[in-house]
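1. Sequence first, then the predicted structure:
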Amino acid sequence: MKDLKSYIRTVPDFPKEGIQFRDVTTLLGNPASFRHAVDAIVAAFKNDKIQKVAAIEARGFVLGGAIAHRLGAGFIPIRKEGKLPEQTIAESYSLEYGEATLEMHLDALAPGDRILVVDDLIATGGTVDAALALIDRQGGDVVGCAFVVDLPDLGGSAKLKARCERVVSLCSFDGD
Ligand code: AMP
């Protein structure tokens, strides 16, 4: 297989001018690269007795669902405001391009549950930070965080490493 990075499409000026959008739908659409990405993250955490994979809407769900299935773990959806039907807790955060709120069901995890957090990409780290805050508030034990793409120049992964021992990303792009 070619370098995983070559399966990711870059869309300039989306969703607004100046953003290079790293589009993983092309990676997910290719059977070999989708499988490879899931396999690589599963291999990194297969001995960690992960009980739940918490993934962030929406591209994180595609990866997180497949990874949870392969690890024999449950799945926790972390969603944008107003989407989850039962009682939730919420955290607001700032994005590379805007502001948002993430929510998780109050009963999504039990204290001490061993959690792997999954998203497609880490940029400034604001999104994963909010997800970690939600899990912390419910007493979850975050074993690691996994991404397909890191944008290291935006500083999120360096900040995250200070907070989470195991940060895995499969490829990185320079700049933003
Ligand atoms: P951040 O909170 O800055 O780490 O941004 C990460 C979240 O926003 C992830 O859920 C990504 O899907 C999305 N995102 C941020 N920047 C980009 C980008 N340049 N290309 C694709 N997705 C991005």
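-> Nice, thanks for sending it over. Quick caveat, the model's predicted, so the values are computed rather than measured.

2. Please count neighbours and contacts with C-alpha atoms only from this point.
-> OK.

3. which residues touch residue 176?
-> 19-20, 123, 151, 153-154 (CA atoms under 8 Å, 6 or more residues apart in numbering).

4. Identify those among the residues you listed that sit within strands.
-> residue 20 (DSSP state E).

5. Pull out the buried members of the contacts of residue 176.
-> 20, 123, 151, 154 (16 or more other CA atoms under 10 Å).

6. what subset of these is also close to the ligand?
-> By CA under 6 Å from any ligand atom, the members of the buried ones among the contacts of residue 176 lying near the ligand are 20, 123.

7. Tell me the one of the buried ones among the contacts of residue 176 nearest the ligand?
-> Distance ranking of the buried ones among the contacts of residue 176 against the ligand, using CA to the nearest ligand atom, places residue 123 first at 3.5 Å.

8. Next, give phi and psi for the closest one.
-> Residue 123 adopts backbone torsions of phi -120, psi -90, taken as degrees, to the nearest 10.

9. cool, the one 4 residues further on as well?
-> Summarising the backbone geometry of residue 127 under the convention degrees, to the nearest 10, its torsions are phi -70, psi -50.

10. So for it, what's the pLDDT?
-> With respect to pLDDT, residue 127 scores 94.

11. go on, residue 97?
-> Value for residue 97, per-residue pLDDT: 60.

12. residues making contact with the helix or strand hosting residue 77?
-> Assigned by DSSP states H and E, residue 77 belongs to strand 74-80. Residues outside strand 74-80 that contact it (CA under 8 Å, 6+ apart) are 51-58, 61, 64-65, 68, 100-104, 108-109, 131.

13. for it, the distance to its chain's centre please.
-> Here the centre of strand 74-80 is set off from its chain's centre by 10 Å, with CA atoms, centre = their mean, to the nearest Å.

14. tell me what the lengthiest helix in the chain is packed against?
-> The longest helix of the chain (DSSP state H) is helix 31-45. In terms of contacts (3 or more CA pairs under 8 Å, 6 or more residues apart in numbering; DSSP states H and E), helix 31-45 is packed against helix 25-29, helix 59-71, strand 167-172.

15. right, and these - which one's nearest residue 88?
-> helix 59-71 (18.2 Å; CA to CA).

16. Report all helices and strands that the closest one contacts.
-> helix 31-45, strand 52-56, strand 74-80, strand 114-122.

17. any chance of those in CSV, plus distance to residue 24, mean neighbour count and mean pLDDT?
-> Shown next, in CSV, are those (distance: least, CA to CA, whole Å; neighbours: other CA atoms under 10 Å; pLDDT from 0 to 100):
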stretch, distance to residue 24, mean neighbour count, mean pLDDT
helix 31-45, 9, 17, 98
strand 52-56, 14, 28, 98
strand 74-80, 19, 21, 98
strand 114-122, 7, 25, 98
